[in-house]
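In: no sequence for this one, just the structure:
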């Protein structure tokens, strides 16, 4: 199992803030799956963090990974 | 009459913080007078302000002028 | 002097002025400090298409934000001769006029505290996974965008 | 919004944290403000030839200082889009660990408040006719020198 988290305006698309899914081999296959389930995600601007680290290209996933989908930050 | 004010470490030399004097024609003649009265003033570092404005060269004095002798500022 | 462990920066609701005063007062015992620099973020009642922002509701990826804040803290302590640095960020609703961010740096001489405070604020806004939802008076909302 | 008359910046003794909190709290009604920048000067217990500074006693050429501060205020308001700016400087004795200077700027967006606050502090230190006498524990003193 992996844990998927959605933040900020992405929750307007997903209507949920977290999701438990069976493992995916890598982030690309996870993104494909999520875009089928939430089509508007394809148009959204976001970064992906795996286990609290932002990734710049696809990486492989392990069971237990936490994958966060994060729109541009707007704290402060 | 003119009013002469001393500030900061200059008061260690003059032992007074203000002084009323008969009018002097200009700041140079006032300074000469004060250096006779307080010899250590000649060695001290200071600026002169006449009626709240710092002067860069000698200016003439009018009765009622307030002349401030001010060592380097150290506020804050 | 300064422990470098991961610490919580988040608090529910606004940062109250009394909390800021207490934080300042605590530094009176550290007589090596010569200057403090403080930044406070306050929620603006911006108008958007005739609707007025009544509050911002903050959420965060908390665990990641705290790790990132720890990294920022270490970088800033490595760069500036600070005595201490404190950061508090609101979560949940903060109404217009209330304070949502409190950054507080101290040093022997003012320059370090001033520069570190500004750098810390910039990095917080750019790097912490925190989101603000601007709630309008009446109804509706929009997601805050940082400049 | 901001009256530009000459105002008093001097207060006897230290700036208390509670005073700072009140000053911050007053700004909650101005919901156009998005950021506050605060600088606090604190008296350091410096050691000089084995003697420790217990307090600084401040004196000023008050009338001239207030005129100069008015000029600084006008310059800074002309240069930065500020909502407001408050300055408080102690006169008389301020003990080590206590606060002797409080500069507080506010603006819609943070940059103006931050830059104006720093510039104001630099100008206060360089241009206001104020002097600090560092009183040592036990006996003796020396005159403060600004960097």
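Out: Great, that's in hand. This is a predicted model, so every value here is computed, not measured. Numbering: from 1, shown residues only, chains lettered A, B, ... in the order given.
In: and residue C:12, how many residues sit next to it?
Out: Applying other CB atoms under 10 Å in any protein chain shown, we find 10 residues neighbouring residue C:12. In this view, the C-beta of every residue, glycine as well, is placed from N, C-alpha and C.
In: Show the contacting residues for it.
Out: Going by CB atoms under 8 Å, 6 or more residues apart in numbering or on different chains, residue C:12 touches C:90-92.
In: who in chain A is up against chain C?
Out: A:5, A:7-9, A:12, A:49, A:52, A:68, A:70-76 (CB under 8 Å from any CB of the partner chain).
In: farthest pair in those residues?
Out: Comparing every pair within these by CB to CB identifies A:12 and A:52 as the most remote, at 23.6 Å.
In: pretty sure residue C:71 is in a helix, no?
Out: Yes - Residue C:71 forms part of a helix when assessed by DSSP: H, G, I helix; E, B strand; the rest coil.
In: circling back: got a winner among the contacts of residue C:12 for most neighbours?
Out: In terms of neighbour count, residue C:90 stands highest of these at 28 neighbours, by other CB under 10 Å.
In: Quick check: residues of chain C near chain D?
Out: Going by CB under 8 Å from any CB, the residues of chain C near chain D are C:17-18, C:20-22, C:24-25, C:27-45, C:96-99, C:106, C:108-110, C:114, C:118, C:121, C:147.
In: for chain C, longest strand please?
Out: Looking across chain C with DSSP state E, the single longest strand is strand C:82-95.
In: Let me see the backbone angles for the residue of chain C found nearest chain B.
Out: Closest approach between chain C and chain B, counting by CB to the nearest CB: residue C:110, at 8.3 Å. Here is the backbone geometry of residue C:110 (degrees, to the nearest 10): phi -60, psi -40.
In: Grab the nearest non-local neighbour of it.
Out: Distances taken as CB to CB, 6 or more residues apart in numbering or on different chains place residue C:35 nearest to residue C:110, at 3.5 Å, with adjacent residues excluded.
In: Same check on residue C:22?
Out: residue D:17 (7.3 Å).
In: give the contact list for that neighbour.
Out: C:21-22, C:24-25, D:99.
In: Show me just the buried residues among those.
Out: C:21, C:24-25, D:99 (16 or more other CB atoms under 10 Å in any protein chain shown).
In: TSV for the residues you listed, including pLDDT, distance to residue D:76 and secondary structure?
Out: Formatted as TSV, those follow (pLDDT from 0 to 100; distance: CB to CB, whole Å; DSSP: H, G, I helix; E, B strand; the rest coil):
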residue	pLDDT	distance to residue D:76	secondary structure
C:21	98	26	helix
C:24	98	24	helix
C:25	98	28	helix
D:99	98	21	strand
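In: May I see the residues you listed organised as JSON lines, with distance to chain A added?
Out: Converted to JSON lines, the buried ones among the contacts of residue D:17 look like this (distance: CB to the nearest CB, whole Å):
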{"residue": "C:21", "distance to chain A": "21"}
{"residue": "C:24", "distance to chain A": "20"}
{"residue": "C:25", "distance to chain A": "25"}
{"residue": "D:99", "distance to chain A": "26"}
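In: isn't residue C:28 right up against residue D:97?
Out: Yes - using CB atoms under 8 Å, residue C:28 is in contact with residue D:97, at 4.0 Å.
In: joint contacts of the two?
Out: Taking CB under 8 Å, 6+ apart as the contact rule, residue C:28 and residue D:97 both touch residue D:42.
In: Can you identify each of the helices in chain C by residue range?
Out: C:17-26, C:62-79, C:110-127 (DSSP state H).
In: So stretch C:59-71, near chain A or not?
Out: Yes - with CB under 8 Å from any CB as the measure, stretch C:59-71 is seen reaching chain A through C:59-61, C:63-65, C:67.
In: residues of that stretch that come out buried?
Out: For stretch C:59-71, burial by neighbour count (16+ other CB under 10 Å) applies to C:59-61, C:64-69.
In: quick revisit: out of the residues of chain A next to chain C, list just those in strands.
Out: Judged by DSSP E, strands contain the following of the residues of chain A next to chain C: A:5, A:49, A:68, A:70.
In: give me the low-pLDDT residue ranges for chain C?
Out: Counting by pLDDT under 70, chain C shows low-confidence ranges at C:1-4.
In: re the thing from before, format the helices of chain C as CSV; extra columns: distance to residue C:51.
Out: Below are the helices of chain C laid out as CSV (distance: least, CB to CB, whole Å):
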stretch, distance to residue C:51
helix C:17-26, 28
helix C:62-79, 29
helix C:110-127, 24
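In: before we move on, the earlier item: name the nearest of the buried ones among the contacts of residue D:17 relative to residue D:128.
Out: Closest to residue D:128 out of the buried ones among the contacts of residue D:17 is residue D:99 (16.7 Å), distances taken as CB to CB.
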